[in-house]
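>>> can't give you the sequence, but here's the structure:
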């Protein structure tokens, strides 16, 4: 049976629309979600891209460099003292920098655009910590950690502090885990000492033979 020309056109349009919906809604969903996740990340570099870190808090300034001679330890302390770094502590911070995200609200990054002269209201002029990151390609990034927000769930933060053309800066909300990651004593940044290698051998006294009558 020969279909009317109008019916055939409608069928072709329906098939085309169905194909578009399939590829856009199903095939494209994963790609759009990946883009959404990427856009929510604080930084776009990977852990292996980082060459060195300078962590400055109100009590200490640390210089950490990737160990190019060995993977154990992966990181070295260069100042204020030199020696192997605590890889677990550095990895915890690195994980936040690489995988950490700004607080998402309604699918969008929660950022505040403020005049640069209002940084003090968020404690970004006298931050609790500043993290300077140098990549292997010599690019530099910075994360400035200010005070907690009103809910005490996040920290106000600023990245790569250049002002926008309108003179404003973007303030992000980031995890409070950053404060736990950087506010540490120097001893915590050092590689733990394996005391098991320094224990003296146990000298078990031999029983004294008894005299028999």
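Happy to help now that I have it. These figures come from a predicted structure and were not determined experimentally.
>>> Going by C-alpha atoms from here, please, whenever you check contacts or count neighbours.
Noted.
>>> Now for the chain, the helix or strand with the poorest mean pLDDT.
helix 28-40 (a mean of 44; mean pLDDT, DSSP states H and E).
>>> which residue ranges form the strands in this protein?
50-57, 61-66, 75-79, 83-84, 104-105, 108-109, 111-115, 129-135, 140-148, 154-159, 168-175 (DSSP state E).
>>> so what strands line up beside the last one?
Each strand pairing with strand 168-175, determined using DSSP bridges, is listed with its direction: strand 111-115 (antiparallel), strand 154-159 (antiparallel).
>>> most packed of those strands?
With neighbours taken as mean count of other Cα atoms under 10 Å, the strands paired with strand 168-175 reach their highest mean count in strand 154-159, at a mean of 24.
>>> Which residue, other than its chain neighbours, is closest to residue 183?
Of all residues not flanking residue 183 in the chain, residue 57 sits nearest, at 6.8 Å (Cα to Cα, 6 or more residues apart in numbering).
>>> before we move on, the earlier item: I'd like the strands paired with strand 168-175 written out as TSV, with mean pLDDT and distance to residue 86 added.
Below are these laid out as TSV (pLDDT from 0 to 100; distance: least, Cα to Cα, whole Å):
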stretch	mean pLDDT	distance to residue 86
strand 111-115	85	33
strand 154-159	93	25
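>>> Serialize these to JSON lines and add fields for distance to residue 123.
Shown next, in JSON lines, are the strands paired with strand 168-175 (distance: least, Cα to Cα, whole Å):
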{"stretch": "strand 111-115", "distance to residue 123": "13"}
{"stretch": "strand 154-159", "distance to residue 123": "8"}
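>>> so which of the ones you listed gets nearest residue 92?
strand 154-159 (17.3 Å; Cα to Cα).
>>> Next, the angle strand 129-135 makes with the closest one.
On the basis of axes from the mean of the first three to the mean of the last three Cα atoms, to 10 degrees, strand 154-159 is oriented at 40 degrees to strand 129-135.
>>> Run through this protein and note the low-pLDDT ranges.
1-5, 7-40, 101-109, 161-163, 194-213 (pLDDT under 70).
>>> Where do the domain boundaries of it fall?
8-40, 47-191 (automatic domain parsing).
>>> hey, which of those is tucked in deepest?
domain 47-191 (a mean of 17).
>>> and the end-to-end length of that one?
20 Å (Cα to Cα, to the nearest Å).
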